[in-house]
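*Asks:* Sequence and predicted structure are below.
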Amino acid sequence: MSLVSEHEVEREVRRVFRRFAEPQSFAAPDAGGVMGLFIARNRWRRPVAHVEARLWSAFEHRDFVRAARQPAGDVWHPSETGLAYWRRLEAESDPFRAQHQMQGRRLVAVDGKLVPVAVNEAETSLDWLRRRKGPDGKPLVNEHAFDAGEKLRRDFSLARMSPRVTTDWSLALAPGGGGRKLRDPSDVSDRALAARERLARALHAVGPGLSDILVEVCCHARGLEESERRFGWPQRSAKIVLQIALDRLAAHYAAKGK
């Protein structure tokens, strides 16, 4: 097996962890001796990315991943070390964003109780769009769309609160059934699990493609230009796609009475 350079590790972490860090994602062996990355948004039907065996071995050697034993076979989740390394790489690639983020905690109402969640106190892309007006004099994002995006962000934050929320989470029951259950439900708090289920239902309702921009902007607080670069989209297209996605998200929450 050939040696893996530091550059290769950084490149692979940037490529893989963007999806690996999403709720319900996990890695498992796939055909051809590679690791496949499975995510909730396509209901784990097929891997959205592959990692070569030598690169995956580098992940394991650096403790970037951790295994969780399952009756059907082991699966892997990102470790706290791996997530921290990925976030550091992301911050280095966008120092302006890292410099202007002010991490804090805020109390939000969940099921009638005030719950502390991690937030970025600086103005987010969604805040910026809500405060700016288009040529017609109307906000680029209306209050209903903004509230929907904030609900999604809140569930994303709540789902990641517990230090053990990734344990066996990938096999939790997804929207629509499928027979997947947690091996040990005590590994995940009821509140975190409920948040992840709401998050999965919301992204599923919005649909593939559109849900990607919601995760980038609402959950990861990335800017529109950065999102366009990540997806390879034309300039100024992310705003339009985001507006459509937020409208669908708001309709989902309205239908659920949330």
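*Replies:* Ah, there it is. Only a predicted model underlies this, so the values are computations on that prediction, with no experimental measurement involved. Numbering: from 1, shown residues only.

*Asks:* show me where pLDDT drops low in the stretch 101-250 of the chain?
*Replies:* The stretch 101-250 of the chain contains residues with pLDDT under 70 at 101-124, 160-189.

*Asks:* show me where this protein has helices.
*Replies:* All helices of the chain, identified by DSSP state H, fall at 6-20, 53-61, 80-93, 95-100, 125-131, 143-159, 190-206, 210-214, 224-231, 237-256.

*Asks:* And the ones you listed: which comes nearest D30?
*Replies:* Closest of the helices of the chain to D30 is helix 53-61, at 10.7 Å (criterion: Cβ to Cβ). Using the backbone N, CA and C atoms, a C-beta is placed for each residue, glycine as well.

*Asks:* For the closest one, the averaged confidence score.
*Replies:* Averaging pLDDT along helix 53-61 gives 93.

*Asks:* repeat for stretch 75-88
*Replies:* In the prediction, stretch 75-88 has an average pLDDT of 88.

*Asks:* Convert that stretch to PDB, retaining C-alpha atoms only.
*Replies:* Only the C-alpha atoms of stretch 75-88 are listed here, as PDB (Å, rounded to 0.1, in the frame of the first residue of the first chain):
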ATOM      1  CA  VAL A  75     -20.400   1.100  10.100                       C
ATOM      2  CA  TRP A  76     -18.200   4.100  10.600                       C
ATOM      3  CA  HIS A  77     -18.900   7.600  11.800                       C
ATOM      4  CA  PRO A  78     -16.700  10.700  12.000                       C
ATOM      5  CA  SER A  79     -14.900  11.100  15.300                       C
ATOM      6  CA  GLU A  80     -14.700  14.300  17.200                       C
ATOM      7  CA  THR A  81     -11.000  14.400  16.100                       C
ATOM      8  CA  GLY A  82     -12.000  14.100  12.500                       C
ATOM      9  CA  LEU A  83     -14.700  16.700  12.700                       C
ATOM     10  CA  ALA A  84     -12.300  19.100  14.500                       C
ATOM     11  CA  TYR A  85      -9.700  18.600  11.800                       C
ATOM     12  CA  TRP A  86     -12.300  19.200   9.000                       C
ATOM     13  CA  ARG A  87     -13.600  22.400  10.600                       C
ATOM     14  CA  ARG A  88     -10.000  23.700  11.000                       C
END
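
*Asks:* buried stuff in it?
*Replies:* The neighbour-count check on stretch 75-88 (16 or more other Cβ atoms under 10 Å) flags V75, W76, H77, P78, S79, G82, L83, Y85, W86 as buried.

*Asks:* ok, now stretch 195-211?
*Replies:* Quick answer for stretch 195-211 (16+ other Cβ under 10 Å): 195-206, 210-211.

*Asks:* now stretch 44-61
*Replies:* Buried, per 16+ other Cβ under 10 Å, within stretch 44-61: W44, P47, V48, A49, H50, V51, E52, L55, W56, A58, F59.

*Asks:* Settle this for me: V16 is touching G36, isn't it.
*Replies:* No: using Cβ atoms under 8 Å, V16 is not in contact with G36; the gap is 10.9 Å.

*Asks:* of those two, who's got more company?
*Replies:* V16 (26 against 18; other Cβ atoms under 10 Å).
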